[in-house]
Every structure is written in C-alpha cells, then in structure tokens.
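Undergrad: okay, predicted coordinates and the sequence, questions at the end:
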Number of protein chains: 2
Amino acid sequence: MRAINRFNVLDTIRRAGSIARVEISERTQLSTTTVSAITASLLDDGLILARTEGDLREAAARGRPRVMLELNPDAARVVGAKIAANRMVFVVANFRGEVLSTLTLALRVDRQPISVITDLIEDGVRRCVVDADLALDEIDSVCLGLPGVIEHRTGHVRSSPIFRENGVDFAKDMSERLGVTTIVESDAHAITLAHHWFGEARDLDDMVLVSLEQTLGLGVLHGGQLFRGAGGLSHNLGDLALGIGPQGMIRLASLAGESAILGDQPNGGRFAEAIRLGRGMAHAKTLIAAEDNTLISAAIRAGEACGMALANIVTLFAPPRVILVGSSLALGQPFLDSLRDAYSLAIPPSIKGVTELVFDQSTDETWAQGAAVVALRELYESPWGTTGPAPAL
Amino acid sequence: MRAINRFNVLDTIRRAGSIARVEISERTQLSTTTVSAITASLLDDGLILARTEGDLREAAARGRPRVMLELNPDAARVVGAKIAANRMVFVVANFRGEVLSTLTLALRVDRQPISVITDLIEDGVRRCVVDADLALDEIDSVCLGLPGVIEHRTGHVRSSPIFRENGVDFAKDMSERLGVTTIVESDAHAITLAHHWFGEARDLDDMVLVSLEQTLGLGVLHGGQLFRGAGGLSHNLGDLALGIGPQGMIRLASLAGESAILGDQPNGGRFAEAIRLGRGMAHAKTLIAAEDNTLISAAIRAGEACGMALANIVTLFAPPRVILVGSSLALGQPFLDSLRDAYSLAIPPSIKGVTELVFDQSTDETWAQGAAVVALRELYESPWGTTGPAPAL
DNA sequence: ATATTTTTGACGGGATACGAATTAAATAGC
DNA sequence: GCTATTTAATTCGTATCCCGTCAAAAATAT
C-alpha cells in the first residue's frame, strides 16, 4: 500500500522533473498530508532533493513559495547496454536516467562463442563505468538489451541472433561475472521505455513501438507497463508468418530484416565493410539515392511487408500511437513511402484514425539508455531503506 | 484497499464454489481475522451464504467442522445475450453465473434498420426475463455480446456486421429502452470470460481465445483481466491483412469468415435455408462428409489462413493456452487438420511448445452466459452496501 | 464425561490515509 | 515599515484496516 503510493509519488516526480508537493498531491489524488509523509521519507532515503528556488508559477506568486522536489541524480547508478550483432553500446546513467558516459564498440559479435561475447560485454561494462569515473561496486544494476526472444522474468535468452546457442541463462551468467545484478531485456522493450521516459511517448501510457533492425521487435505499453506475454516473453515480429513460399514459410524477417534488405554483399567490398561497421543502412541510403535498383526494390518490398504487419498489429492493439524506430528507417523515401502506403491500404476502415504513426531515428545511445531505464524502473519499485521512521542509532 | 480484498475474497469463493474461511485465508494470503471480517460483511450484504453441512475434508474430521461459504445465487440477476447475424440467444443468470432461463430467436437481423434490431433485442430480453419468473426491475444489469469492433468503455459499436451503420451508441440506446444498465461487449470477449469462469481456462489467468464465427474475434486474458486495446477496443481478427490480391487487400475474413467458407448458396436451396437458420456449418459438415469438393477446398483454405493467423497471434502473445471456439469448428476434419498443419508450420521454433491448442465447441448459450459473466464481473467490483459496519437503524 | 482438534470471533497493536487546524514564508496594501 | 492576505507545508487527531494472540465454540476420540 505505502509501497504503491511511494512508487507513484516517485514516478510523478520523475515525470515532472521538478515539482512541488501540492502538485504531486493534485496529480496523484493523494492528500497533501500523505504526500508530505512520503516525500519526507524519500528525502530521508536520499532519493529526492528539495530546491527552494525555481518556483515556476506566474511571476507574481503570493503566498509561501513552493519547494520544488526532484530526483536525486546520485541516488543510484545503472548501466544500460544495447547489444547488436555488429556493435555494442553502453551507457552509465544516473537515477534520473541521464547519461553519464557512453561507449560504443563497433565489432561483430554474432556467431562468436558465448564466452567471447560475455567477455566483450563484461569489458564494455567495466570500461564504460570507468569512463564515468565510477567503480563497478557503485553500480546498482545492469540491464542488457538484446534482440531476439527474451524471457525477462527468468533472464533466459530463448533465441537471439547474437548467440549460436538457444536457451542461454544469460542474466545469471552476467550477474556472476560482474558481481552486479544484471537484467536481460529485449532491445525493443528497452527502446519502448526510453520513448516513454524521454521520447515520443512521454505523454502516453498506452502505445506500441515497432523496431526495425536486424530483427524486428515489438514493444507494447499498456497502462504504463510493458505488456509481456505470459511468462514475460518478448515478442519477435520477424517471426510473423506472411505466407507459404517455395522454400517453406515466409516470415517477415526474410523480407524486412536488415540482412534481407541489404542482401549478400561481396566480401571485401565497400558495402560489406559498411555493414560490418554497422553503417549498412546509411550506406544503403546513399546507394538508393544513386538509384541502385536492386536496393530500391528490396526497400520497397520490405516497406510493404512492414506496413502490412504494422496494420495487423494496430488491428490487434489499437494504440493511439505507434512509434517506428530502427536502422531500417535510414533507408529513406522508398522504404517509408511503401510502408505508409501498405499501411493505409491494410488498416481496416473501422479503426482508421485511431492510431498515429511516428517515425523516430534514435541513436544507439538512446537504446542503451532505454536499457538503463529498465534497470531504473526495477530500482524504483524495490523497497528503499525503511518504510517507517529510521531506526534509532 | 478493503475493496480490493473484498473482491479477492468474493472471487476466491466464486472460483471454489464452496469454501471454508480457513481455506480462503490460505488462498488469499489474508489472515483469518481479516477473512472473517470480510466474509461477515459479505454475509451481511447478502452476497454469500453459509452452509453448515458439506465439509469435504477427509471423512474422519475431528475438530469443529468447517462452515462452507458460497455465493448467494439470489444476490443479483443479470441478462446476457449473444447477438449474431442470424440468431439471438438470451440467458438470465444468477449471481453465480448459473443460467436460469434461455431464449433463442432464430432470425436474420443484419441489414435491418437499427430500430428493428433494438426492438427485437428488447423483446428478447423481456421474454427471457419473464421465462425466468422475474420482472425486469429485478435485473441488475444486461450485457449484450456482439461481433465486430466494440468500445466497451463507452458502449459504442464502431463497426459490426449486425448494423448497417457504424459508430452506434448502443449501450446508451439499450439502457434507455430497457431502463436497466446495459453493457456492450465483443462476443469474443464474452466467450473468453465464459471459459475463464466455467470452461477450458478455469485454471489460467493468462490465455488467448480465438472465435471463428461470422466474424473472427479475439479475446486476450492477461493477469485475469481482459486485455482491451487502448480505449477499450475489442479486436477483430477478420480485419487482419494477409496480402494483396487482384481486388485489393485480402483479409482473413474473406478466407475464413463464415460466409467465405459457405459461399454464395442459391436462394431457396436447402443449404441456404440451413444458413439462414444458423445451421450452415453443421449442414456444411454433412456435405463435406459427402465429399463436396467445393466446400472441402474452402474449408482447407480457411483452415490454412486461420492456422497461420493463429501462429502469428501466438508469436505476439505467447499464451500458455489458446482456445478456439465458434461455429466454423463444426466443419470437422478438413478444416481442423489444415488449421493444425498450417499452425505448426507457421509457429516459430523459438516458442514451440509454449502454447497448447484447445478446440471447444460451445453452444450459443455459453456465449450468452459469457456476456452475463461480463455483467457480473462489473457487479462484483462495484461497491456493495457499506464498507464498514452497517449504520445503526 | 473429558480431552483433543479445528475453526471462528474478539481485543489490542501497528501502519496508513485523510481532514482540520496550525505554522511558515512570501507578497500586497496602507 | 507594519499588517493582512495568500499559498504551502506540517502537525495532530481520528478512522480504517490488517495482523497476531488468545479465548470461545463445535465437533470427535477416548
């Protein structure tokens, strides 16, 4: 009970950035008395800070000035990471989710043995923490966002393009290696929360995000919570079946996945090199601008498939907004136009106008920040210090 | 707080059917004291009854015998209805959800003006209530389950094969006509709750149900609650886009909807007559048994489309169980086999084994009972009498 | 008839939330 | 410069709710 209200108050403060107690009371529907008690306890635990200046009401403010409350940035620190097949991005974030340091490692990790990958991740985490002038034992938790089908609750990776193996108990492995609580989450879920906290969905508690990267991911926010399948599974849109072709099931990934669009490039070529470095899509865009017909038609095919899948997702979830993110957006007009066209063709008339499409080209850092948000959200909900008064010393 | 616990206790009693206070305490994790207080208040409000006999422990039960508690069937009465294009089924149910009377009206209502339809529904409700030896003012609420895209929260029918018009404010219309609170819900959601309360999902709080009728509906149960799209929208699977054909978008309904399977039958023929009376699928089954090739291939096509759509839904929701219901199941082997084959082909390997398929041929009465459950659930959650001690008289 | 076992009910303690009143800190007006 | 006014935050008292402990009730076993 108190825990719920505590979380609500804390989250209200986070959303507002800086807010007075009165306004918290208005927004949470809690009495000012209760808000006072809870904020006192939060101040006591060092999770929030009071600032006397900064009362932003109309300049002519009579009465006792408000004391603005805000998250104490130093209350906790987390590491978030986006692990992709050809790059890893790490961030250290403070309690507010602000990025303290960033580290990008541009290297291919897929098809490596798992021990190599965990080595690289451990290294990246440690280096990023050092870059932030911190030690690892000052980090409260780590969250790794990776593509594929992730069981967040158990920390199992059921399948991921990163690993050769299936069913890796990844959270446990990394927790032991780092000596820090490590959470595993789908990269799509991470970027979904990043948008909820900082991006295009700050104003919404219900929305859907589709990520178009090497794999195609989905994040569904429902009542401010990530909608996880029963068992905490993440979704993998790339596995969606589109129809039966000559070589069996045609899945979305085989039309709209990164590798499907970019195609098999001759080894050693400039394009292949760009792909290896994670700049494949940007390179593809310049090729498309130069009217590379193979690429253009691949982009159009991918856009059509995505647009239709998107319409189906909207049919199922009917969110007020869908955010599209991911490297494939960099393909530019041919892809986006065909996606939009296919979407408006495929969207059923009965829910036309319900959903707004937003395209967002976030940087990899934002994804990693999203992973940090996943870690922070768990911290927010966990019991801090004592609920009641501090024990006498 | 108390409201939550009250609801939990009431729901525990409902699930158990008949249960002693001690066991409620075990299941809800509430202390026996609290359970006693809550059950006393529930008894006071007449929502539950105590029964001295019926202690079902081991025969040699020493000690004070348990007093079994159960829902008071007469605490409330609701009407549930399934409104389909060619039939209406009404039930009156008591507080336990047990059916007191049933009424089936076999008549085509689609394409009728809305006032005719509302007239017929009003008539059906009234007759069914009379059949249960009740008067309309003894009914606490009414829930109408209909196909299409329904906004439960507002009571708007965005689109339905029943109505010519879109955007009908149906709940308000019917509430005014009947003088009883009337709720509108998707028929698929209704049958989903029916299975949760009485059917194949009694043991589960997470599951997905797919209804294959004139339209194709979806019900997602998540944490014991219906998952409604943002805005309380229901889902319409028939609108799912499968691909682009010569005449525009091919939707699931055009392959697997009832009319798509049964085809255009010559007017006045026996088959057309059977369809009109809501026996189309049963008739089709006998024709299939007689090796009617047109129908068999239609059934196979429909099964394939459904199987693939089903796999996609499982990919998105990953429920432990999927229940398939609806008239199309009556088509028999050709349909079911092709559905199962397409499903296992389309289900991604990474989540194979997560989901169990269950086929269930419920009667129309069950659907109407599900609508009654929707109404009852809202009653359960509404405040009954006083929370605290009864005011002195 | 008595002891035993099991369930139910009653009383006090601790925690929480809210309303009313109080204190605090600033501005507006004279 | 002093007082009145206004708004914010806190304190205090009250009601609610939950739990733990203990006693009463209701059956069976001896």
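TA: Received the coordinates, thanks.
Undergrad: so where do the helices sit in chain A?
TA: Using DSSP state H, the helices found in chain A span residues A:2-16, A:21-28, A:32-44, A:114-131, A:170-178, A:187-197, A:252-256, A:258-262, A:270-276, A:280-289, A:293-317, A:333-346, A:364-381.
Undergrad: I'd like those as TSV, with distance to DNA strand C, mean pLDDT and mean neighbour count appended.
TA: For the C-beta atoms, the positions are set from N, CA and C on the backbone; glycine is no exception. What follows is the helices of chain A, written out as TSV (distance: least, Cβ to the nearest atom of the strand, whole Å; pLDDT from 0 to 100; neighbours: other Cβ atoms under 10 Å in any protein chain shown):
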stretch	distance to DNA strand C	mean pLDDT	mean neighbour count
helix A:2-16	4	92	17
helix A:21-28	8	91	17
helix A:32-44	3	92	17
helix A:114-131	34	96	18
helix A:170-178	30	96	19
helix A:187-197	25	97	28
helix A:252-256	46	90	22
helix A:258-262	48	84	21
helix A:270-276	54	79	17
helix A:280-289	49	82	20
helix A:293-317	33	91	22
helix A:333-346	44	93	20
helix A:364-381	15	95	24
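Undergrad: nearest to chain B, out of these?
TA: Ranking the helices of chain A by proximity to chain B (Cβ to the nearest Cβ) places helix A:333-346 first, at 3.8 Å.
Undergrad: helix A:280-289 and that closest one, what's the angle between them?
TA: 90 degrees (axes from the mean of the first three to the mean of the last three Cα atoms, to 10 degrees).
Undergrad: list of residues touching helix A:333-346?
TA: A:261, A:288, A:296, A:299-308, A:310-312, A:324, A:328-329, A:357, A:359, B:241, B:244, B:248-249 (Cβ atoms under 8 Å, 6 or more residues apart in numbering or on different chains).
Undergrad: which residues touch the closest residue to residue A:348 other than its chain neighbours?
TA: Spatial nearest neighbour of residue A:348, excluding adjacent residues (Cβ to Cβ, 6 or more residues apart in numbering or on different chains): residue B:239 at 3.6 Å. The contact partners of residue B:239, taken as Cβ under 8 Å, 6+ apart, are A:315, A:348, A:350-351, B:149, B:251-253.
Undergrad: cutoff 10 Å now
TA: With contact set as Cβ atoms under 10 Å, 6 or more residues apart in numbering or on different chains, residue B:239 has these partners: A:311-312, A:314-316, A:346-351, B:148-149, B:159, B:215-216, B:249, B:251-253.
Undergrad: what's the spacing between it and DNA strand D?
TA: Distance, residue B:239 to DNA strand D, by Cβ to the nearest atom of the strand, to the nearest Å: 43 Å.
Undergrad: and that residue, what's its pLDDT?
TA: At residue B:239, the predicted lDDT confidence score is 90.
Undergrad: look up phi and psi at residue A:326.
TA: Backbone geometry at residue A:326, expressed as degrees, to the nearest 10, gives phi 120, psi 160.
Undergrad: what residues are up against it?
TA: A:187-188, A:191, A:209-217, A:258, A:281, A:306, A:359-362, A:367.
Undergrad: show me what counts as buried in stretch A:218-225.
TA: Under the neighbour-count criterion of 16 or more other Cβ atoms under 10 Å in any protein chain shown, stretch A:218-225 has A:218-222 buried.
Undergrad: wait, which of those is closest to DNA strand C?
TA: residue A:222 (24.5 Å; Cβ to the nearest atom of the strand).
Undergrad: the closest one reaches residue A:320, doesn't it?
TA: No. Using Cβ atoms under 10 Å, residue A:222 is not in contact with residue A:320; the gap is 11.8 Å.
Undergrad: who touches both of those two?
TA: Contacts common to residue A:222 and residue A:320, judged by Cβ under 10 Å, 6+ apart, are A:205-208, B:229-230.
Undergrad: now those residues in a markdown table, with distance to residue B:173 and pLDDT?
TA: Listed next are the shared contacts of residue A:222 and residue A:320 as a markdown table, based on distance: Cβ to Cβ, whole Å; pLDDT from 0 to 100:
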| residue | distance to residue B:173 | pLDDT |
| --- | --- | --- |
| A:205 | 31 | 92 |
| A:206 | 28 | 93 |
| A:207 | 32 | 95 |
| A:208 | 32 | 95 |
| B:229 | 23 | 73 |
| B:230 | 25 | 70 |
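Undergrad: tell me the buried residues within these.
TA: A:206-208, B:229-230.
Undergrad: so which of these reach DNA strand D?
TA: Contacts with DNA strand D are made by none of these, judged by Cβ under 7 Å from any atom of the strand.
Undergrad: in strands, which of those fall?
TA: A:207-208 (DSSP state E).
Undergrad: among the buried ones among the shared contacts of residue A:222 and residue A:320, which one lies nearest to DNA strand D?
TA: Distance to DNA strand D, by Cβ to the nearest atom of the strand, is smallest for residue A:206 among these, at 29.7 Å.
Undergrad: that closest one reaches residue A:192, doesn't it?
TA: No. Contact criterion Cβ under 10 Å: residue A:206 and residue A:192 do not qualify, at 11.6 Å.
Undergrad: need the pLDDT of the residue of the stretch 51-200 of chain A found nearest DNA strand D.
TA: Nearest residue of the stretch 51-200 of chain A to DNA strand D, counting by Cβ to the nearest atom of the strand: residue A:63, 2.0 Å away. The model reports residue A:63 with a pLDDT of 80.
Undergrad: count the residues that sit near it.
TA: Residue A:63 has 6 neighbours, counted by other Cβ atoms under 10 Å in any protein chain shown.
Undergrad: so what does it have for phi and psi?
TA: Dihedral angles for residue A:63 - degrees, to the nearest 10 - are phi 80, psi 180.
Undergrad: got it, and the one 3 residues further on?
TA: Residue A:66 has phi and psi values of phi -70, psi 150 when expressed as degrees, to the nearest 10.
Undergrad: count of neighbours near the closest residue to it other than its chain neighbours?
TA: Closest residue in space to residue A:66, ignoring its immediate chain neighbours: residue A:20 at 3.5 Å, by Cβ to Cβ, 6+ apart. Residues lying near residue A:20 (other Cβ under 10 Å) number 21.
Undergrad: so what's residue A:146 bridging to?
TA: With DSSP bridges as the criterion, residue A:146 is bridged to residue A:186.
Undergrad: pretty sure residue A:42 contacts residue A:14?
TA: No. With contact taken as Cβ under 10 Å, residue A:42 and residue A:14 are classed as non-touching, separated by 11.4 Å.
Undergrad: so what's the spatially closest residue to residue A:126 that is not a sequence neighbour up against?
TA: Distance criterion Cβ to Cβ, 6+ apart; nearest residue to residue A:126, sequence neighbours excluded, is residue A:136 at 6.4 Å. By Cβ under 10 Å, 6+ apart, the contact list for residue A:136 reads A:79, A:122, A:125-126, A:129-130, A:142, A:178-180.
Undergrad: try residue A:286
TA: A:271, A:274, A:292, A:332.
Undergrad: roughly how far does it sit from residue A:270?
TA: Residue A:286 sits 11 Å away from residue A:270 when distances are taken as Cβ to Cβ, to the nearest Å.
Undergrad: between the two, what contacts are shared?
TA: With Cβ under 10 Å, 6+ apart, residue A:286 and residue A:270 have no common neighbours.
Undergrad: output stretch A:107-115 as PDB - backbone C-alpha positions only.
TA: Output of stretch A:107-115 as PDB, limited to C-alpha atoms (Å, rounded to 0.1, in the frame of the first residue of the first chain):
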ATOM      1  CA  LEU A 107      32.600  -5.200 -33.700                       C
ATOM      2  CA  ARG A 108      30.800  -8.200 -35.000                       C
ATOM      3  CA  VAL A 109      29.900 -10.500 -32.100                       C
ATOM      4  CA  ASP A 110      27.300 -12.800 -33.600                       C
ATOM      5  CA  ARG A 111      28.500 -16.400 -34.300                       C
ATOM      6  CA  GLN A 112      31.200 -16.000 -31.700                       C
ATOM      7  CA  PRO A 113      31.200 -18.500 -28.900                       C
ATOM      8  CA  ILE A 114      29.100 -17.300 -25.900                       C
ATOM      9  CA  SER A 115      32.200 -16.900 -23.700                       C
END
